[in-house]
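**Student:** sequence first, then the predicted structure:
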Amino acid sequence: MPVGTVLPVRLNHGFSSKNARNGQPITGRIMQDVPLPSAGKIKEGTKILGTIVSVTPAGHNSPATISFRFDHLEIHHRQTSVVTSLRALASFMEVEFAQIPETSLGFGTPYVWVTTQQIGGDEKYGVGGPVTDKWSHTVGEGVFDGVLVHLRAQPGTKCRGAMDAEDRLQALWVFSADACGVYDMTGVLIAHAGRTEPVGQIALAAESGNVRLRGGSGILLRVVR
């Protein structure tokens, strides 16, 4: 699997720094067919497996932190190792809102024609229609289970754009081409994305209280090796 490949994931079950334990398994689901340069693909519905690495519950004077990694794909009942970093994280509600049409459907209007707003601000103009950024530049196209877009870097953030010369289309599900960071999870920070040592280990921290991720949260992972 090429470095730089984005994996759009929905978290299967929630976890929290309040009661999670070291070594606890976590799982997610790939939410859109992920195209690979070899003309192959990782199919929608593929399970991604991970583990809680460390947990620090909230204290009187210390914020909570939780570290985890997603490091295996389960394909045809066989596990394939992968090392991933975190690009973007969105709440369950933000994921739901991204799938609601911006305007009411007229009588007889096929659902696949509707316009929706991606997490991060891109507009998806239905299946087969363009996906445009906030400046109305076309960055990709809508498909049945998400979008295929050219990954972009958002100015002022640490997320990078395309890593290969061909700038291939990537599957981002309900996220924008430049989606980066945390969406609709007030007080939750990405303390470590996993791109640097310890590579593949993702750490979230809370400004106050505990870190909690609900089942159904959206996650954009990126293959780092």
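**Tutor:** Received it, and whenever you're ready, just let me know what you need.

**Student:** show me the protein divided up by domain.
**Tutor:** Taking automatic domain parsing as the reference, the chain has its domains at 6-91+180-223, 92-171.

**Student:** can I get those domains in TSV including mean neighbour count?
**Tutor:** Where you see a C-beta, it was placed from the backbone N, CA and C, and this is true even at glycine. TSV is the format used below for the domains of the chain (neighbours: other C-beta atoms under 10 Å):
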stretch	mean neighbour count
domain 6-91+180-223	18
domain 92-171	16
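
**Student:** in terms of mean pLDDT, which of these ranks lowest?
**Tutor:** Mean pLDDT values for those show the minimum at domain 92-171, a mean of 88.

**Student:** any idea how far Cys180 is from Gly156?
**Tutor:** 9 Å (C-beta to C-beta, to the nearest Å).

**Student:** for Gly121, same thing?
**Tutor:** Taken as C-beta to C-beta, the span from Gly121 to Cys180 is 11 Å.

**Student:** next one: Gly4
**Tutor:** For Gly4 relative to Cys180 (C-beta to C-beta), the value is 15 Å.

**Student:** wait, Ala20 sits on Ile52?
**Tutor:** Yes - Ala20 is within contact range of Ile52, at 5.1 Å (criterion: C-beta atoms under 8 Å).

**Student:** between the two, what contacts are shared?
**Tutor:** Ile66 (C-beta atoms under 8 Å, 6 or more residues apart in numbering).
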